[in-house]
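J.: need a structure here:
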Amino acid sequence: MGRRIAIDVGTKRIGVAVSDSHGILASPLTTLDAALDIPEIHSTLKGQIEGNILEIYVGLPIALSGNETNSTQNAKNFALALKKVTDVPVLLIDERLTTSLANQQLKSVGKSQKEARSTIDQMAAVAILEYALAVEGNQGGIPGIRVEDYRD
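T.: Prediction:
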């Protein structure tokens, strides 16, 4: 039993979601400034999340073609830096379409993109975490690739 964290890394903002201790529900947690350094981000998250953390999922943005992008490298660098400050497994997980999905969900409840700026990154992190929890529940294993095992 323990919580899982998902992180959607952007150039300006970082969305964070967290699961309940049973790994069933994913909830938005916070949006952080991407200009913060990794130790400060790690410290902030530790202060906001109670309980045992089992995994940290970092969304890996890959183009629909399957190719890597500048954002892919940014997410990998973030995950590698995060791994240096925590003993919790840091896993990269495919996040194709999560931001689009989050935008659609917010539009469906009547929020414009401008109004949703503060929550869109959290919603994308929720989508990443929901995917990870679904894979874990259906396949019984931990989804994603450990950042230290990822090869370009």
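J.: Does anything pack onto the top helix by length along the chain? Which helices or strands?
T.: In the chain, taking DSSP state H as the definition, the longest helix is helix 113-139. Counting contacts by 3 or more C-beta pairs under 8 Å, 6 or more residues apart in numbering; DSSP states H and E, helix 113-139 packs against strand 3-9, strand 13-19, strand 26-33, strand 53-60, strand 90-94, helix 98-108. For the C-beta atoms, the positions are set from N, CA and C on the backbone; glycine is no exception.
J.: and of these, who's closest to Asp149?
T.: Minimum separation from Asp149 across those (C-beta to C-beta) falls at strand 90-94, 9.1 Å.
J.: Note down every partner strand of the closest one and its orientation.
T.: strand 53-60 (parallel), strand 145-146 (antiparallel) (DSSP bridges).
J.: quick one: it to helix 113-139, angle?
T.: With axes from the mean of the first three to the mean of the last three C-alpha atoms, to 10 degrees applied, the angle from strand 90-94 to helix 113-139 works out at 110 degrees.
J.: Helix or strand with the lowest mean pLDDT in the protein?
T.: helix 98-108 (a mean of 63; mean pLDDT, DSSP states H and E).
J.: what sits against Ser19?
T.: Listed by C-beta atoms under 8 Å, 6 or more residues apart in numbering, the contact set of Ser19 reads 3-5, 25-27, 129, 133.
J.: hang on, the earlier thing: which of the helices and strands packed on helix 113-139 sits most buried?
T.: Mean neighbours per residue, mean count of other C-beta atoms under 10 Å, is largest over those for strand 3-9, with a mean of 26.
J.: which two in the contacts of Ser19 are spaced the farthest apart?
T.: The distance between the two most remote of those (C-beta to C-beta) is 13.4 Å, for Ile5 and Leu25.
J.: Okay, now the unreliable bits of the chain?
T.: Applying pLDDT under 70 to the chain picks out residues 97-107, 109-118, 152.
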